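In: Quick one, what's the 3D model for this:
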Amino acid sequence: MSMTEAASINVNSQTNKGPKRLKLFSLSLAHGLNDWYSNYMQTLLPFLVAAGFSISKSAVLISAFTISSSILQPFFAYLVDKKNKRWMVYAGTIWMGTLLSLIGLIENYALMFLTVTLAGFGTAAFHPQASAMVTAISGNKKGLYQSIFVTAGNIGLAFTPLIIVPFVKKFGLKTTPLFIIPALLVGLLLWITSPKMEVKKTPVDHSTMKSLKENWKSLAKIVITVSMRSLAFFGLISFLPLYLKGKDISITVSSHLLFIMLFSGAIGGLIGGHLSDKIGRKPVIAYSLMLATPFFCGFLLTDGILSTLFLALAGMALLASFSVTVVSAQEILTKSQAMASGLMLGFGIGIGGLGVSLIGLLAEHTGLNYAVYLLVILPFIGGSFYALKAKKDIKPAAI
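Out: A predicted model of the protein is given here:
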(Lines give C-alpha, C1' and ligand atoms only; values in the text may rest on other atoms or scores of the structure.)
Protein backbone atom coordinates (compact mmCIF):
# COMPACT_ATOMS: atom_id res chain seq x y z
CA MET A 1 0.00 0.00 0.00
CA SER A 2 1.41 3.38 -0.99
CA MET A 3 1.74 6.29 1.44
CA THR A 4 -0.89 8.17 -0.59
CA GLU A 5 -3.41 5.34 -0.21
CA ALA A 6 -2.68 5.03 3.52
CA ALA A 7 -3.15 8.75 3.98
CA SER A 8 -6.43 8.62 2.03
CA ILE A 9 -7.77 5.79 4.23
CA ASN A 10 -6.79 7.72 7.37
CA VAL A 11 -8.52 10.88 6.14
CA ASN A 12 -11.69 8.94 5.27
CA SER A 13 -11.65 7.29 8.70
CA GLN A 14 -11.38 10.67 10.42
CA THR A 15 -14.09 12.11 8.15
CA ASN A 16 -16.49 9.29 9.06
CA LYS A 17 -15.93 9.81 12.78
CA GLY A 18 -17.24 13.37 12.67
CA PRO A 19 -20.74 12.61 11.31
CA LYS A 20 -21.01 9.56 13.56
CA ARG A 21 -20.24 11.61 16.64
CA LEU A 22 -22.71 14.30 15.60
CA LYS A 23 -25.43 11.70 15.09
CA LEU A 24 -24.63 10.07 18.43
CA PHE A 25 -24.69 13.47 20.15
CA SER A 26 -28.08 14.42 18.66
CA LEU A 27 -29.68 11.08 19.52
CA SER A 28 -28.18 11.08 23.02
CA LEU A 29 -29.38 14.62 23.70
CA ALA A 30 -32.87 13.65 22.60
CA HIS A 31 -32.72 10.52 24.75
CA GLY A 32 -31.74 12.65 27.74
CA LEU A 33 -34.83 14.83 27.26
CA ASN A 34 -37.12 11.84 26.65
CA ASP A 35 -36.01 10.19 29.86
CA TRP A 36 -36.24 13.52 31.70
CA TYR A 37 -39.95 13.43 30.88
CA SER A 38 -40.08 9.71 31.71
CA ASN A 39 -39.24 10.58 35.35
CA TYR A 40 -41.81 13.38 35.37
CA MET A 41 -44.73 11.54 37.00
CA GLN A 42 -42.53 9.85 39.60
CA THR A 43 -41.13 13.23 40.61
CA LEU A 44 -44.61 14.74 40.86
CA LEU A 45 -45.87 11.91 43.10
CA PRO A 46 -45.34 13.73 46.46
CA PHE A 47 -47.11 16.81 45.04
CA LEU A 48 -50.02 14.71 43.79
CA VAL A 49 -50.34 13.06 47.23
CA ALA A 50 -50.25 16.52 48.84
CA ALA A 51 -52.96 17.63 46.37
CA GLY A 52 -55.28 14.92 47.70
CA PHE A 53 -54.59 11.83 45.59
CA SER A 54 -53.90 8.61 47.52
CA ILE A 55 -50.54 6.83 47.22
CA SER A 56 -52.13 3.95 45.32
CA LYS A 57 -53.95 6.24 42.84
CA SER A 58 -50.76 8.20 42.22
CA ALA A 59 -48.84 4.95 41.72
CA VAL A 60 -51.42 3.80 39.16
CA LEU A 61 -50.70 6.95 37.12
CA ILE A 62 -47.00 6.07 37.11
CA SER A 63 -47.80 2.51 36.05
CA ALA A 64 -50.13 3.75 33.30
CA PHE A 65 -47.40 5.91 31.78
CA THR A 66 -44.70 3.27 32.22
CA ILE A 67 -46.82 0.52 30.66
CA SER A 68 -47.99 2.53 27.63
CA SER A 69 -44.49 3.93 27.06
CA SER A 70 -42.89 0.52 27.33
CA ILE A 71 -45.11 -2.37 26.30
CA LEU A 72 -45.99 -0.70 22.98
CA GLN A 73 -42.31 -0.40 22.04
CA PRO A 74 -42.11 -3.83 20.33
CA PHE A 75 -44.99 -2.75 18.05
CA PHE A 76 -43.17 0.43 17.05
CA ALA A 77 -39.95 -1.59 16.80
CA TYR A 78 -41.62 -3.84 14.21
CA LEU A 79 -42.40 -0.75 12.13
CA VAL A 80 -38.79 0.39 12.42
CA ASP A 81 -37.39 -3.00 11.35
CA LYS A 82 -39.90 -3.33 8.51
CA LYS A 83 -39.61 0.21 7.22
CA ASN A 84 -37.54 3.04 8.64
CA LYS A 85 -39.85 5.55 10.39
CA ARG A 86 -37.59 8.47 11.31
CA TRP A 87 -40.50 10.78 12.07
CA MET A 88 -41.08 8.78 15.26
CA VAL A 89 -38.07 10.30 17.01
CA TYR A 90 -39.18 13.93 16.73
CA ALA A 91 -42.97 13.41 16.68
CA GLY A 92 -42.76 11.11 19.70
CA THR A 93 -40.69 13.62 21.67
CA ILE A 94 -43.08 16.52 21.02
CA TRP A 95 -46.18 14.38 21.68
CA MET A 96 -44.96 13.16 25.07
CA GLY A 97 -43.61 16.51 26.21
CA THR A 98 -46.83 18.32 25.29
CA LEU A 99 -49.20 15.94 27.09
CA LEU A 100 -47.13 15.57 30.25
CA SER A 101 -46.72 19.33 30.51
CA LEU A 102 -50.50 19.66 30.82
CA ILE A 103 -50.71 17.47 33.96
CA GLY A 104 -50.54 20.42 36.35
CA LEU A 105 -53.73 21.86 34.84
CA ILE A 106 -55.78 18.66 35.15
CA GLU A 107 -57.78 18.05 38.32
CA ASN A 108 -59.98 15.17 37.15
CA TYR A 109 -58.32 11.81 37.90
CA ALA A 110 -59.83 9.96 34.91
CA LEU A 111 -58.63 12.65 32.50
CA MET A 112 -55.20 12.64 34.12
CA PHE A 113 -55.02 8.86 33.72
CA LEU A 114 -55.95 9.13 30.02
CA THR A 115 -53.41 11.91 29.45
CA VAL A 116 -50.44 10.08 30.99
CA THR A 117 -51.40 6.88 29.14
CA LEU A 118 -51.48 8.66 25.78
CA ALA A 119 -48.24 10.51 26.61
CA GLY A 120 -46.50 7.17 26.90
CA PHE A 121 -47.06 6.54 23.18
CA GLY A 122 -44.51 9.27 22.44
CA THR A 123 -41.57 7.66 24.16
CA ALA A 124 -42.68 4.23 22.90
CA ALA A 125 -42.25 5.59 19.37
CA PHE A 126 -38.92 7.29 20.09
CA HIS A 127 -36.84 4.58 21.74
CA PRO A 128 -36.74 1.71 19.18
CA GLN A 129 -36.00 4.04 16.27
CA ALA A 130 -33.33 6.00 18.14
CA SER A 131 -31.66 2.89 19.56
CA ALA A 132 -31.57 1.25 16.11
CA MET A 133 -29.93 4.39 14.72
CA VAL A 134 -27.25 4.23 17.41
CA THR A 135 -26.55 0.57 16.61
CA ALA A 136 -26.33 1.38 12.89
CA ILE A 137 -23.50 3.89 13.43
CA SER A 138 -21.66 2.01 16.20
CA GLY A 139 -19.48 -0.35 14.15
CA ASN A 140 -17.48 -2.58 16.51
CA LYS A 141 -18.30 -0.39 19.52
CA LYS A 142 -21.90 -1.48 20.12
CA GLY A 143 -21.50 -1.70 23.89
CA LEU A 144 -19.81 1.71 24.15
CA TYR A 145 -22.18 3.56 21.79
CA GLN A 146 -25.30 2.08 23.39
CA SER A 147 -23.93 2.87 26.84
CA ILE A 148 -23.36 6.52 25.83
CA PHE A 149 -26.90 6.68 24.45
CA VAL A 150 -28.35 5.05 27.58
CA THR A 151 -26.16 7.16 29.89
CA ALA A 152 -27.59 10.31 28.33
CA GLY A 153 -31.07 9.03 29.14
CA ASN A 154 -30.09 8.23 32.71
CA ILE A 155 -28.58 11.69 33.14
CA GLY A 156 -31.89 13.12 31.96
CA LEU A 157 -33.66 10.99 34.59
CA ALA A 158 -31.26 12.28 37.23
CA PHE A 159 -31.99 15.94 36.52
CA THR A 160 -35.79 15.62 36.64
CA PRO A 161 -36.12 15.96 40.44
CA LEU A 162 -33.51 18.72 40.57
CA ILE A 163 -35.55 20.84 38.15
CA ILE A 164 -39.16 19.81 38.85
CA VAL A 165 -39.13 19.85 42.67
CA PRO A 166 -37.89 23.42 43.27
CA PHE A 167 -39.91 24.75 40.33
CA VAL A 168 -43.22 23.23 41.43
CA LYS A 169 -42.55 24.10 45.09
CA LYS A 170 -42.12 27.76 44.14
CA PHE A 171 -44.64 28.25 41.33
CA GLY A 172 -47.16 25.43 41.82
CA LEU A 173 -48.54 22.70 39.57
CA LYS A 174 -50.41 25.18 37.36
CA THR A 175 -47.14 26.31 35.73
CA THR A 176 -46.14 22.88 34.36
CA PRO A 177 -47.19 23.80 30.75
CA LEU A 178 -43.88 25.69 30.55
CA PHE A 179 -42.14 22.33 30.36
CA ILE A 180 -43.38 21.92 26.79
CA ILE A 181 -40.62 24.29 25.56
CA PRO A 182 -37.69 21.79 25.80
CA ALA A 183 -39.70 19.18 23.87
CA LEU A 184 -40.40 21.63 21.05
CA LEU A 185 -36.75 22.67 20.79
CA VAL A 186 -35.35 19.13 20.78
CA GLY A 187 -38.14 17.99 18.43
CA LEU A 188 -37.03 20.71 16.00
CA LEU A 189 -33.40 19.58 16.30
CA LEU A 190 -34.39 15.99 15.50
CA TRP A 191 -36.59 17.08 12.59
CA ILE A 192 -33.53 18.79 11.08
CA THR A 193 -30.97 16.06 11.80
CA SER A 194 -32.84 12.74 11.78
CA PRO A 195 -33.26 12.51 7.96
CA LYS A 196 -29.45 12.33 7.77
CA MET A 197 -29.30 9.42 10.21
CA GLU A 198 -29.41 6.38 7.98
CA VAL A 199 -30.48 3.05 9.44
CA LYS A 200 -29.75 -0.20 7.60
CA LYS A 201 -33.19 -1.65 6.93
CA THR A 202 -33.64 -5.40 6.87
CA PRO A 203 -36.59 -7.49 5.68
CA VAL A 204 -38.30 -8.78 8.81
CA ASP A 205 -41.79 -9.97 7.86
CA HIS A 206 -40.92 -13.62 8.49
CA SER A 207 -37.36 -13.43 9.82
CA THR A 208 -38.38 -11.44 12.91
CA MET A 209 -41.03 -13.95 13.98
CA LYS A 210 -38.71 -16.85 13.16
CA SER A 211 -35.94 -15.27 15.24
CA LEU A 212 -38.31 -14.70 18.16
CA LYS A 213 -39.50 -18.32 18.06
CA GLU A 214 -35.97 -19.70 17.87
CA ASN A 215 -34.58 -17.54 20.66
CA TRP A 216 -37.55 -16.99 22.97
CA LYS A 217 -35.95 -18.82 25.91
CA SER A 218 -32.81 -16.68 25.84
CA LEU A 219 -34.89 -13.53 25.40
CA ALA A 220 -37.27 -14.52 28.20
CA LYS A 221 -34.36 -14.78 30.65
CA ILE A 222 -33.24 -11.26 29.86
CA VAL A 223 -36.80 -9.87 29.92
CA ILE A 224 -37.47 -11.39 33.37
CA THR A 225 -34.20 -9.96 34.68
CA VAL A 226 -34.94 -6.53 33.20
CA SER A 227 -38.45 -6.63 34.69
CA MET A 228 -37.10 -7.13 38.21
CA ARG A 229 -34.51 -4.41 37.70
CA SER A 230 -37.09 -1.96 36.35
CA LEU A 231 -39.55 -2.63 39.17
CA ALA A 232 -36.81 -1.89 41.70
CA PHE A 233 -35.76 1.19 39.74
CA PHE A 234 -39.18 2.78 39.14
CA GLY A 235 -40.41 1.75 42.58
CA LEU A 236 -37.48 3.36 44.37
CA ILE A 237 -37.52 6.65 42.47
CA SER A 238 -41.29 6.82 43.09
CA PHE A 239 -41.44 5.88 46.78
CA LEU A 240 -38.08 6.90 48.24
CA PRO A 241 -39.11 10.58 48.62
CA LEU A 242 -42.21 9.54 50.61
CA TYR A 243 -40.14 7.06 52.63
CA LEU A 244 -37.55 9.73 53.41
CA LYS A 245 -40.29 12.21 54.29
CA GLY A 246 -41.33 9.74 57.00
CA LYS A 247 -37.74 10.02 58.30
CA ASP A 248 -38.13 13.84 58.52
CA ILE A 249 -36.07 14.43 55.39
CA SER A 250 -37.41 17.28 53.25
CA ILE A 251 -38.51 16.78 49.66
CA THR A 252 -35.70 19.11 48.54
CA VAL A 253 -33.04 16.95 50.21
CA SER A 254 -34.78 13.85 48.81
CA SER A 255 -34.55 15.29 45.29
CA HIS A 256 -30.80 15.77 45.79
CA LEU A 257 -30.42 12.18 46.98
CA LEU A 258 -32.37 10.92 43.96
CA PHE A 259 -30.09 12.95 41.71
CA ILE A 260 -27.03 11.32 43.30
CA MET A 261 -28.54 7.85 42.83
CA LEU A 262 -29.57 8.45 39.21
CA PHE A 263 -26.45 10.33 38.13
CA SER A 264 -24.28 7.60 39.65
CA GLY A 265 -26.46 5.14 37.75
CA ALA A 266 -25.66 6.99 34.53
CA ILE A 267 -21.93 6.64 35.23
CA GLY A 268 -22.47 2.99 36.11
CA GLY A 269 -24.23 2.43 32.78
CA LEU A 270 -21.27 3.90 30.91
CA ILE A 271 -18.79 1.73 32.83
CA GLY A 272 -20.98 -1.37 32.45
CA GLY A 273 -21.29 -0.92 28.68
CA HIS A 274 -17.52 -0.57 28.27
CA LEU A 275 -16.80 -3.56 30.53
CA SER A 276 -19.28 -5.74 28.65
CA ASP A 277 -17.23 -5.30 25.47
CA LYS A 278 -14.16 -6.56 27.37
CA ILE A 279 -15.39 -9.36 29.66
CA GLY A 280 -18.78 -10.33 28.18
CA ARG A 281 -22.38 -9.40 28.85
CA LYS A 282 -23.40 -12.03 31.42
CA PRO A 283 -21.00 -11.16 34.28
CA VAL A 284 -21.84 -7.46 34.02
CA ILE A 285 -25.61 -8.12 34.10
CA ALA A 286 -25.54 -10.72 36.87
CA TYR A 287 -22.97 -9.38 39.31
CA SER A 288 -23.82 -5.69 39.08
CA LEU A 289 -27.44 -6.43 40.00
CA MET A 290 -26.40 -8.71 42.85
CA LEU A 291 -24.17 -5.94 44.23
CA ALA A 292 -26.96 -3.34 44.13
CA THR A 293 -28.96 -4.91 46.99
CA PRO A 294 -26.25 -4.78 49.70
CA PHE A 295 -25.43 -1.20 48.68
CA PHE A 296 -29.10 -0.18 49.00
CA CYS A 297 -29.26 -1.91 52.40
CA GLY A 298 -26.20 0.09 53.43
CA PHE A 299 -28.00 3.28 52.42
CA LEU A 300 -31.10 2.41 54.47
CA LEU A 301 -29.19 1.28 57.56
CA THR A 302 -26.60 4.06 57.88
CA ASP A 303 -26.62 7.86 58.15
CA GLY A 304 -24.78 10.87 56.82
CA ILE A 305 -21.99 10.74 54.25
CA LEU A 306 -21.67 6.96 54.49
CA SER A 307 -25.35 6.54 53.66
CA THR A 308 -25.00 8.85 50.64
CA LEU A 309 -21.93 6.92 49.45
CA PHE A 310 -23.86 3.65 49.66
CA LEU A 311 -26.72 5.22 47.65
CA ALA A 312 -24.31 6.35 44.93
CA LEU A 313 -22.77 2.87 44.70
CA ALA A 314 -26.25 1.30 44.67
CA GLY A 315 -27.39 3.49 41.78
CA MET A 316 -24.19 2.71 39.88
CA ALA A 317 -24.64 -1.04 40.35
CA LEU A 318 -28.38 -1.02 39.57
CA LEU A 319 -27.98 0.68 36.19
CA ALA A 320 -24.62 -0.79 35.13
CA SER A 321 -26.48 -3.40 33.07
CA PHE A 322 -28.95 -0.99 31.42
CA SER A 323 -27.33 -0.78 27.99
CA VAL A 324 -25.81 -4.26 28.30
CA THR A 325 -29.21 -5.97 28.30
CA VAL A 326 -30.12 -4.07 25.11
CA VAL A 327 -26.93 -5.15 23.35
CA SER A 328 -27.38 -8.74 24.57
CA ALA A 329 -30.85 -8.86 23.01
CA GLN A 330 -29.57 -7.29 19.79
CA GLU A 331 -26.87 -9.95 19.57
CA ILE A 332 -29.59 -12.61 19.84
CA LEU A 333 -31.92 -10.95 17.29
CA THR A 334 -29.17 -9.89 14.91
CA LYS A 335 -31.55 -9.08 12.03
CA SER A 336 -34.12 -7.24 14.14
CA GLN A 337 -32.19 -4.62 16.08
CA ALA A 338 -35.15 -2.36 16.79
CA MET A 339 -37.28 -5.30 17.95
CA ALA A 340 -34.53 -6.30 20.38
CA SER A 341 -34.40 -2.73 21.70
CA GLY A 342 -38.18 -2.62 21.96
CA LEU A 343 -38.25 -5.80 24.02
CA MET A 344 -35.58 -4.59 26.44
CA LEU A 345 -36.39 -0.88 26.69
CA GLY A 346 -40.08 -1.55 26.26
CA PHE A 347 -41.66 -4.83 27.18
CA GLY A 348 -39.26 -5.71 30.00
CA ILE A 349 -39.45 -2.26 31.56
CA GLY A 350 -43.23 -2.18 31.07
CA ILE A 351 -43.72 -5.39 33.01
CA GLY A 352 -41.65 -3.93 35.83
CA GLY A 353 -43.59 -0.68 35.66
CA LEU A 354 -46.84 -2.58 36.04
CA GLY A 355 -45.64 -3.69 39.47
CA VAL A 356 -45.33 -0.10 40.73
CA SER A 357 -49.10 0.13 41.25
CA LEU A 358 -48.99 -3.13 43.23
CA ILE A 359 -46.16 -1.75 45.35
CA GLY A 360 -48.31 1.33 45.94
CA LEU A 361 -51.11 -0.88 47.28
CA LEU A 362 -48.62 -2.72 49.48
CA ALA A 363 -47.30 0.59 50.83
CA GLU A 364 -50.83 1.74 51.67
CA HIS A 365 -51.75 -1.45 53.53
CA THR A 366 -48.48 -2.46 55.20
CA GLY A 367 -46.45 0.76 55.25
CA LEU A 368 -43.71 2.26 53.10
CA ASN A 369 -40.94 0.47 55.01
CA TYR A 370 -42.03 -2.97 53.83
CA ALA A 371 -42.48 -1.74 50.26
CA VAL A 372 -39.01 -0.15 50.11
CA TYR A 373 -37.30 -3.19 51.64
CA LEU A 374 -38.98 -5.43 49.07
CA LEU A 375 -37.79 -3.17 46.26
CA VAL A 376 -34.13 -3.24 47.36
CA ILE A 377 -34.11 -7.06 47.44
CA LEU A 378 -35.32 -7.39 43.84
CA PRO A 379 -31.98 -6.58 42.09
CA PHE A 380 -30.26 -9.44 43.94
CA ILE A 381 -33.05 -11.82 42.92
CA GLY A 382 -32.81 -10.66 39.30
CA GLY A 383 -29.02 -10.96 39.17
CA SER A 384 -29.07 -14.41 40.78
CA PHE A 385 -31.76 -15.57 38.36
CA TYR A 386 -29.75 -14.44 35.35
CA ALA A 387 -26.52 -15.97 36.67
CA LEU A 388 -28.26 -19.34 37.07
CA LYS A 389 -30.34 -19.35 33.89
CA ALA A 390 -27.99 -17.74 31.35
CA LYS A 391 -25.48 -20.60 31.42
CA LYS A 392 -23.83 -19.65 28.17
CA ASP A 393 -22.18 -16.24 28.24
CA ILE A 394 -23.10 -13.91 25.40
CA LYS A 395 -19.82 -12.69 23.95
CA PRO A 396 -19.48 -9.47 21.94
CA ALA A 397 -20.39 -10.10 18.31
CA ALA A 398 -17.55 -11.01 15.98
CA ILE A 399 -16.47 -8.29 13.61
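In: From here on, just use CA atoms for contacts and neighbour counts.
Out: OK.
In: all helices of the stretch 101-250 of the chain, in order?
Out: Secondary structure of the stretch 101-250 of the chain (DSSP state H, counting those that start in this stretch): helices at 109-137, 142-171, 180-193, 207-245.
In: can I get those in JSON lines with distance to residue 256, mean neighbour count and mean pLDDT?
Out: What follows is the helices of the stretch 101-250 of the chain, written out as JSON lines (distance: least, CA to CA, whole Å; neighbours: other CA atoms under 10 Å; pLDDT from 0 to 100):
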{"stretch": "helix 109-137", "distance to residue 256": "25", "mean neighbour count": "24", "mean pLDDT": "86"}
{"stretch": "helix 142-171", "distance to residue 256": "7", "mean neighbour count": "22", "mean pLDDT": "84"}
{"stretch": "helix 180-193", "distance to residue 256": "22", "mean neighbour count": "18", "mean pLDDT": "86"}
{"stretch": "helix 207-245", "distance to residue 256": "10", "mean neighbour count": "20", "mean pLDDT": "82"}
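In: Among those, which comes closest to residue 94?
Out: Residue 94 lies closest, by CA to CA, to one member of these: helix 180-193, at 5.2 Å.
In: Could you list the residues in contact with the closest one?
Out: Contacts to helix 180-193, defined as CA atoms under 8 Å, 6 or more residues apart in numbering, come from residues 23, 26-27, 30, 33, 87, 89-91, 93-94, 97-98, 101.
In: Highest neighbour count among the residues you listed?
Out: Using other CA atoms under 10 Å as the neighbour test, the contacts of helix 180-193 are led by residue 93, with 31 neighbours.
In: hmm, who's touching the strand or helix carrying that residue?
Out: The secondary structure element spanning residue 93 is helix 87-101 (assigned by DSSP states H and E). With contact meaning CA under 8 Å, 6+ apart, helix 87-101 is reached by 30, 34, 37, 40, 115-116, 118-127, 129-130, 176-180, 182-184, 186-188, 190-191, 194.
In: what's the offset of that helix from the middle of its chain?
Out: In terms of CA atoms, centre = their mean, to the nearest Å, the gap separating the centre of helix 87-101 from the centre of its chain is 16 Å.
In: And residue 367, how far from residue 377?
Out: As defined by CA to CA, to the nearest Å, residue 367 lies at a distance of 17 Å from residue 377.
In: Which one's more surrounded, the two?
Out: For residue 367 versus residue 377, the count of surrounding residues by other CA under 10 Å is larger for residue 377: 18 against 13.
In: right, and that one touches residue 291 too?
Out: No. Shown here, residue 377 and residue 291 do not form a contact pair, counting by CA atoms under 8 Å, at 10.5 Å.
In: so how many other residues sit close to residue 366?
Out: A total of 10 residues lie near residue 366 under the criterion other CA under 10 Å.
In: go on, the one 5 residues further on?
Out: Residue 371 has 23 neighbouring residues, counting by other CA under 10 Å.
In: go on, residue 297?
Out: Burial measure for residue 297: 17 neighbouring residues, criterion other CA under 10 Å.
In: Chain neighbours aside, what residue packs nearest to it?
Out: Ranked by CA to CA, 6 or more residues apart in numbering and with sequence neighbours excluded, the top spatial neighbour of residue 297 is residue 376, at 7.1 Å.
In: Where does pLDDT dip in the protein?
Out: For the chain, applying pLDDT under 70 flags the ranges 1-19, 77-85, 142-143, 194-214, 335-338, 341-342, 345-348, 352, 390-399.
In: Next up, the contacts around the closest residue to residue 28 other than its chain neighbours.
Out: Among residues not flanking residue 28 along the chain, residue 149 sits closest, at 4.8 Å (CA to CA, 6+ apart). Residue 149 is in contact with 24, 27, 28, 31, 131, 134, counting by CA under 8 Å, 6+ apart.
In: Let me have those in CSV, adding distance to residue 140 as columns.
Out: Listed next are these as CSV, based on distance: CA to CA, whole Å:
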residue, distance to residue 140
24, 15
27, 19
28, 19
31, 22
131, 15
134, 12
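In: Tell me which two in those residues are the farthest apart.
Out: Across the contacts of residue 149, the two members that end up farthest from each other (CA to CA) are 31 and 134, 11.1 Å apart.
In: got a list of what the closest residue to residue 101 other than its chain neighbours touches?
Out: Closest residue in space to residue 101, ignoring its immediate chain neighbours: residue 177 at 4.5 Å, by CA to CA, 6+ apart. The neighbours of residue 177, taking CA under 8 Å, 6+ apart as the test, are 98, 101, 102, 103, 104, 105.
In: wait, which of those residues is closest to residue 235?
Out: The shortest separation between residue 235 and any of the contacts of residue 177 is 20.7 Å, and it belongs to residue 103 (by CA to CA).
In: quick one: the nearest residue to that closest one once chain neighbours are set aside from residue 176, how far?
Out: Excluding the flanking residues, the one nearest residue 103 by CA to CA, 6+ apart is residue 112, at 6.6 Å. Taken as CA to CA, the spacing of residue 112 relative to residue 176 amounts to 14 Å.
In: and the residue lying closest to residue 222 once chain neighbours are set aside, how many neighbours?
Out: Leaving aside its sequence neighbours, residue 222 sits nearest to residue 325 (CA to CA, 6+ apart; 6.8 Å). Per other CA under 10 Å, the neighbour tally for residue 325 reads 27.
In: Hmm, residue 285 and residue 325 touching each other?
Out: Yes. If you go by CA under 8 Å, residue 325 and residue 285 touch, sitting 7.2 Å apart.
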